[in-house]
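A.B. asks: Coordinates for the following, if possible.
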Amino acid sequence: MNARDPAPLDGAEPAPDRATDATQEPAHLRPRGSSQGGLRQYNERVVLQAVRLHGALPAAEIARLTHLTAQTISLITKRLLDDGLLVKGTAQRGKVGQPSVPLSLNPDGAYAVGIKVGRRSMDVLLADFTGDVRERSTLEYRLPDPELLLAEIGRRLAALRRKLGAGKTELVQGVGIAAPLSIGGWRQLLGFPPDLAERWNALDLRSAVQALSPWPVSLMKDTAAACVAELVAGRGRSVKSFLYIFVDTFIGGGLVLDSQLRTGANGNAGAVGSLPLWLARNPNDPMPAQLLSMASLLNLEQAWAGTGLDIDADARGLALADPWREHTERWLGQAGPAIAQAVNGAACLLDLEGVIVDGSFSRELLGALLASTQAALPFYSWEGVTQPPLLPGTIGSDARALGGALLPLYANFAPDRELFIKVAS
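C.D. replies: Below you'll find the model as predicted:
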């Protein structure tokens, strides 16, 4: 199977929804194939997606889920086993007839690289065919210098090639970059020198990384990439329509409707960080503050730094311990109600099944932020609209880089090529 060839979709019947999460909830997605001729690669992708979503399955169950004949499934699974994309499990005995052999994804069947380029740090990870992270490296910095970061990306891609070796290097499907749409934006809040912001604004990051990479490179907004990770590998597998909020240096988000990532004409769908927090009354008044000015980790770090405290406290599990606690609770008292206002506004426009909140911080601090937000939701009127449940994200700090790695994996192996490709192109 040539994974990079476009899949012919004529005559097929794909279903758009996704499937279960780790709690084994009923699957939304029932990958549906077609026994018509000319759809070999599409049906292969449908089978792979069924196994990805439901776990190890015998051939009979794959046929039931995909609505393909037993003969078609036998031919497809043999090819996928030969291609190294599926592996056989231990035969299951004890039932009438021949023992069934479960088939599962081969973790070493394919790989992808995800790169998160942030305002304060960069992550590079290697994900296998199941989405598990095999290699991870992080670079932290005070300001993101584009030339230095590109040189570091080149070194880390070269290191991955050496570690993989010739045989496995050929199995890498591509590189997905997750980066803010405007790294040079909000430079006064970040303390960016004007020339640094201008260098970022002039840089075509995807093309620059492509010049360093032997694999095809795609690019997506960082919080949208994090949303992809939650959609594919987290709660999004059981929640079909949700607003995703990711708290990092700046707060941002993504939007999923009917199990499809929606980005809008300019890539701004779900950009909750830019939401205003109060009314603009006349042109002489200051512009209303944005959500990111009150609910970003930058605000919390600045509060700690202002009193001489270590800004890496959360990484050490100290965000809710003295003497950091006082400043953390003050930040929670502002961030929670501000996020609650964003949730209220979103629920009035979109019929959401839930709001998923995650971030590049400890699970303890995430729990405290969710509690503060939940406590503030009753402060807003819900008359005429249903309040969506708040749900904790499941991926954490890896979400953006993992979402980047999922871009090439889904482009090459998922039956629905349009799920993320429109955004990444």
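A.B. asks: Tell me if Gly176 really is in a helix.
C.D. replies: No - counting by DSSP: H, G, I helix; E, B strand; the rest coil, one finds Gly176 to be strand, located in no helix.
A.B. asks: Tell me the bridge partners for it.
C.D. replies: Counting by DSSP bridges, Gly176 is bridged to Gly114, Ser218.
A.B. asks: these two touch, right, it and Trp215?
C.D. replies: No - using C-beta atoms under 8 Å, Gly176 makes no contact with Trp215, being 10.0 Å away. Just so you know, the C-beta spots here come from the backbone N, C-alpha and C atoms, and that holds for glycine as well.
A.B. asks: Return every residue with contacts to both of those two.
C.D. replies: Counting by C-beta atoms under 8 Å, 6 or more residues apart in numbering, the common neighbours of Gly176 and Trp215 are Val113, Pro408.
A.B. asks: between the two, which one's more packed in?
C.D. replies: Set side by side, Gly176 and Trp215 show more neighbours around Gly176, with 32 against 18, by other C-beta atoms under 10 Å.
A.B. asks: OK, contacts around the more buried one?
C.D. replies: By C-beta under 8 Å, 6+ apart, Gly176 lies in contact with 112-115, 217-220, 225, 403-408, 424.
A.B. asks: Just give me the least confident of the residues you listed.
C.D. replies: Taking these together, the minimum pLDDT is found at Ala424 (38).
A.B. asks: all helices of the stretch 301-425 of the chain, in order?
C.D. replies: For the stretch 301-425 of the chain, the helices defined by DSSP state H, counting those that start in this stretch occupy 325-349, 363-376, 399-413, 418-424.
A.B. asks: Make a markdown table out of those helices and add mean neighbour count and distance to Met122.
C.D. replies: Rendered in a markdown table, the data for the helices of the stretch 301-425 of the chain read as follows (neighbours: other C-beta atoms under 10 Å; distance: least, C-beta to C-beta, whole Å):
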| stretch | mean neighbour count | distance to Met122 |
| --- | --- | --- |
| helix 325-349 | 19 | 25 |
| helix 363-376 | 18 | 22 |
| helix 399-413 | 28 | 9 |
| helix 418-424 | 19 | 19 |
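A.B. asks: wait, which of the ones you listed is closest to Thr66?
C.D. replies: Set against Thr66 and scored by C-beta to C-beta, those come closest in helix 399-413, at 14.9 Å.
A.B. asks: Out of the contacts of Gly176, which is nearest to Val51?
C.D. replies: Leu406 (16.2 Å).
A.B. asks: hey, where'd the strands end up in the protein?
C.D. replies: For the chain, the strands identified by DSSP state E occupy 86-88, 103-105, 111-117, 121-128, 133-140, 172-179, 217-221, 242-247, 251-257, 260-262, 354-359, 390-392, in order along the chain.
A.B. asks: mind showing which ranges of the stretch 301-425 of the chain have poor pLDDT?
C.D. replies: For the stretch 301-425 of the chain, residues meeting the criterion pLDDT under 70 lie at 417-425.
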